[in-house]
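[1] no FASTA, just this:
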């Protein structure tokens, strides 16, 4: 089996799965359990100035459920650690001493004052931690006090605080980014310019889970009032993957190592992040939903996947999919695919037909000789992938390329030479040959 | 030996055992079970389950509403097409209707539990009694419905919804027909049949006159004269005879009568039960009487059917249910003689299909001793009905002939349920007949 040993900024861990800075890493008790279960590393729950912050004693979490009550999305309003700094430092020192082969990173959130950073970072580093992660991401509570995402939304602040951290720290500094921005590249660039050794992303997304249908208040509340929380879990993964890929494929930021975060639940999610440019991944929600044991599937699945790809290390996978991410304008408009329905696998639910009929291109039949029969009408099919997306049977509908001849829909010959929008005659802004 | 006294006694089983045998055949779903079951529905388009439902219930539609916790909306979707959706959820042979058509069978050989989901949706409404349908403004017309069974009540309810007044003539003390008197007790426990009737009548505009028998207390001619239209949902009042000597045939108890007594019994422990029971027949009633005899404490129950398992009217599920209960099903035999000397000895002839596909005796015979013998070989129209309607109503094969709108050969008279030809003796089909007829009657009355 492929060796999952990981090295991120020189920080070694037996596998690339770290627990993200979050409730699961608030105490030595939890982190010990995680390391016993096999987690490669942990980013300790964010440390702040003394006196510690105070959390609400009402609900901190809520979930978006599927119908069978599987947690798809998750939301929290917990602040940074609410324990005295020294208690955390003592425990971190002990954990690092007991688990020298695991990565232990300190997450910090401090006010925008250089002297504060210069005071605390050496104290924290003295515990023996392997690196710092600067929390510029939390969107709730702390942001109201000018920290967390309030910093992460202003590239100048990111750069400034990163510079302070780099000046005060001798171990690597990772900057954790907030997704609550319109464009992730300026914050990433600012981190780089401030001297960050890496970025980690995404932190959580501003969110309100739902309304209480009885009381018609938001849900959940503390004494009748609620506030937006940070959204995470499986549902945010696509948002995170895009931001990771953007940083990985943009010249200004592509050199920055990335720690990928956002909805990693099984090993395939890790493959997504790694292939799109992350060098390791951090996990929180899946552990909070299922417990630490999920690390077995994460490591075992990833290792077997690498074997199947004849890769001997995680490093070989990192960034493999980045070259396939592009701008829309560079997609080949001469490429043609059609959906094909495997009649042997079709269970005749009719969903492909009705969604195509109601919302798309009327390209799937309903009957043949009076019997239920679903077949793609190539003359109408634009190759949109909607039927593939809604079909309940895996691999029953597939997209297949028409490489040559006439496209039955356009009745035009398929041009084997690629042509994108920048070259298309319909584009008034096209570049002249 | 045949002259020994038959061993027929009550109280063969204790209270606990009876309770177990006659509790719900399928436990109702809890909310969490229902949500999981509902989530398995693919929300098919032009769904095969809906096509397979005789009443055409929008099954994916009602399941989607269960999924979104809109249980009352779900019940309305069901009851709109089938006002007896609660009973049908309990008694429909879903394994040969909606659940057989479920595309999940193709995918994983396990359909969505449509029947149980339908019960989950309809039970709360029946319990609260909340009326989900309003009556249209009065048409000033009054329709006579004969028979307060599933067909008659379905017709009456739809007519009431459409703004007509209805007078229902019913032979028995209680309304509900076979729902009240015929269905196996473990399929509809407690007083559900009565509560469902109450719910249906609560829409208003429906009067029931009990103790009225067509051909005895009222005639078709008088009804046609006194009312704007007539619907016959009279079921089948007479029991078919076996092809044996008439006196010997009379020694067979009618399964339907025994089941009616069972359904009305205050104390199941008081019912007379044979130690050894033989049932002639292959339909649902044969299974029902066999299983219930077993659950009342009969030691040995044999069903004897003149054809094979494939030809039985009872579904495979029902046949398996009987076998699980320890009932022995013997195929390819018909009764020849019954020797009644207290203990009954039934002589059977082995049967087979000949080259032309006709059933004939093989020449082999065998005997079974029994304390009680039942026949469950089907029913036909009561004689008083056939006599009353003589000359007007076209009857074929012992059943009333109707068209696709349930209209009979007599103008202004519609019919549905078990009394008409082409049916399948199912509650759900009777409900559909009543509904279709009501819509046709409404159309005719508004011309």
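    Nice, thanks for sending it over. In this text, all values refer to a predicted model and were calculated from it rather than measured experimentally. Residues are numbered from 1 along each chain as shown, chains lettered A, B, ... in the order given.

[2] quick one: contacts for the closest residue to chain A within the stretch 1-150 of chain B?
    Relative to chain A, the nearest point of the stretch 1-150 of chain B is residue B:45 (3.5 Å; Cβ to the nearest Cβ). Backbone N, C-alpha and C define where each C-beta goes, glycine included. By Cβ atoms under 8 Å, 6 or more residues apart in numbering or on different chains, the contact list for residue B:45 reads A:349, A:350, A:351, A:353, A:354, A:366.

[3] so it, which state does it fall into?
    coil (DSSP: H, G, I helix; E, B strand; the rest coil).

[4] show me the domain layout of the chain.
    All of this is about chain A. Residue ranges for the domains of chain A, per automatic domain parsing: A:6-324, A:328-423.

[5] I was after chain B.
    Listed domain ranges for chain B are B:31-128, B:142-237+B:381-445, B:239-375 (source: automatic domain parsing).

[6] want to throw the ones you listed into JSON lines with mean pLDDT?
    Shown next, in JSON lines, are the domains of chain B (pLDDT from 0 to 100):
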{"stretch": "domain B:31-128", "mean pLDDT": "96"}
{"stretch": "domain B:142-237+B:381-445", "mean pLDDT": "94"}
{"stretch": "domain B:239-375", "mean pLDDT": "94"}
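
[7] in the stretch 151-300 of chain B, which residue sits closest to chain A?
    Nearest residue of the stretch 151-300 of chain B to chain A (Cβ to the nearest Cβ) works out as residue B:199 at 27.2 Å.

[8] ranking the contacts of residue B:45 by neighbours, who comes first?
    Of those, residue A:349 is surrounded by the most neighbours, 29 neighbours in total, counting by other Cβ atoms under 10 Å in any protein chain shown.

[9] for that residue, what are phi and psi?
    Backbone dihedrals for residue A:349, given as degrees, to the nearest 10, come out at phi -80, psi -20.

[10] quick one, what contacts residue B:188?
    The contact partners of residue B:188, taken as Cβ under 8 Å, 6+ apart, are B:87, B:90, B:91, B:179.

[11] spit out the contact partners of the third one.
    It refers to residue B:91. Contact analysis of residue B:91 by Cβ under 8 Å, 6+ apart lists B:179, B:183, B:187, B:188, B:427.

[12] what do you get if the cut-off is 7 Å, keeping everything else the same?
    B:183, B:187, B:188, B:427 (Cβ atoms under 7 Å, 6 or more residues apart in numbering or on different chains).

[13] was I right about the second one contacting residue B:24?
    Okay, so that is residue B:187. No: Residue B:187 is beyond contact range of residue B:24, at 8.2 Å (criterion: Cβ atoms under 7 Å).

[14] which stretches of chain A form helices?
    Counting by DSSP state H, chain A has helices at residues A:28-37, A:85-98, A:114-125, A:149-152, A:155-168, A:185-193, A:237-249, A:267-275, A:285-290, A:295-308, A:314-317, A:351-359, A:386-390.

[15] so which residues make contact with the third one?
    Just to be clear, that refers to helix A:114-125. Helix A:114-125 is contacted from outside by A:47, A:49, A:89, A:106, A:108, A:110, A:132, A:164-165, A:168-171, using Cβ under 7 Å, 6+ apart.

[16] which pair of those spans the longest distance?
    Spatially, the most separated pair among these is A:49 and A:170, at 21.3 Å (Cβ to Cβ).

[17] more neighbours, the two?
    The neighbour comparison of residue A:49 against residue A:170 (other Cβ under 10 Å) goes to residue A:49, with 17 against 9.

[18] model confidence for that one, exactly?
    Note on residue A:49: pLDDT of 96.

[19] against residue A:362, how distant is it?
    Residue A:49 sits 63 Å away from residue A:362, going by Cβ to Cβ, to the nearest Å.

[20] what do you get for residue A:392?
    Counting by Cβ to Cβ, the separation of residue A:392 from residue A:362 is 21 Å.

[21] compare the two (neighbour count), which wins?
    Shown here are residue A:392 and residue A:362; by other Cβ under 10 Å, residue A:392 has more neighbours (15 against 12).

[22] find the nearest non-adjacent residue to that one, please.
    Excluding the flanking residues, the one nearest residue A:392 by Cβ to Cβ, 6 or more residues apart in numbering or on different chains is residue B:42, at 5.2 Å.

[23] secondary structure class for the residue of the stretch 151-300 of chain B closest to chain A?
    Following three-state DSSP, we place residue B:199 in the helix state.

[24] so it sits right up against residue B:129, yeah?
    Yes: the criterion here is Cβ under 7 Å, and residue B:199 meets it with residue B:129 at 6.1 Å.

[25] more neighbours: those two, which one.
    The neighbour comparison of residue B:199 against residue B:129 (other Cβ under 10 Å) goes to residue B:199, with 23 against 10.

[26] for the closest residue to the more buried one other than its chain neighbours, give me its contacts.
    Excluding its sequence neighbours, the residue lying closest to residue B:199 (Cβ to Cβ, 6+ apart) is residue B:126, at 5.5 Å. Counting by Cβ under 7 Å, 6+ apart, residue B:126 makes contact with B:86, B:195, B:196, B:199.

[27] among those, which are in helices?
    Per DSSP H, helices hold the following members of the contacts of residue B:126: B:86, B:195, B:196, B:199.

[28] so the third one sits against residue B:82, correct?
    No: with contact defined as Cβ under 7 Å, residue B:196 does not count as touching residue B:82 (11.4 Å).

[29] circling back: and the residue nearest to residue B:199, which of the three is it?
    helix.

[30] how close does residue A:381 get to residue A:420?
    22 Å.

[31] so these two - more neighbours on which side?
    Neighbours per residue (other Cβ under 10 Å) separate residue A:381 from residue A:420, with residue A:381 holding more: 24 against 18.

[32] for the record, mean pLDDT for stretch A:322-339?
    97.

[33] contacts for it?
    Around stretch A:322-339, the neighbours that count as contacts under Cβ under 7 Å, 6+ apart are A:245, A:248-249, A:276-277, A:376, A:378, A:381, A:383, A:387-388, A:397, A:399-402, A:407, A:414-415, A:417-422, A:424.

[34] equivalent analysis for stretch B:194-208, please.
    When contacts are defined by Cβ under 7 Å, 6+ apart, stretch B:194-208 is touched by residues B:83-84, B:86-87, B:126, B:129, B:131, B:133, B:135, B:148, B:153, B:156-157, B:160-161, B:165-168, B:170, B:174-176, B:179-180.

[35] 8 Å instead?
    Stretch B:194-208 is contacted from outside by B:83-84, B:86-87, B:125-126, B:129, B:131, B:133, B:135, B:148, B:153, B:156-157, B:160-161, B:164-168, B:170, B:174-176, B:179-180, using Cβ under 8 Å, 6+ apart.

[36] ok, of these, which come out buried?
    B:83-84, B:86-87, B:125-126, B:135, B:148, B:153, B:156-157, B:160-161, B:164-168, B:170, B:174-176, B:179-180 (16 or more other Cβ atoms under 10 Å in any protein chain shown).

[37] looking at the residues you listed, which are in helices?
    B:86, B:87, B:125, B:126, B:153, B:156, B:157, B:160, B:161, B:179, B:180.

[38] got the contact list for whatever residue of the stretch 1-150 of chain A ends up closest to chain B?
    Closest residue of the stretch 1-150 of chain A to chain B, Cβ to the nearest Cβ: residue A:67 (4.2 Å). Residue A:67 sits next to B:35, B:36, B:38, B:39, B:67 when contact means Cβ under 8 Å, 6+ apart.
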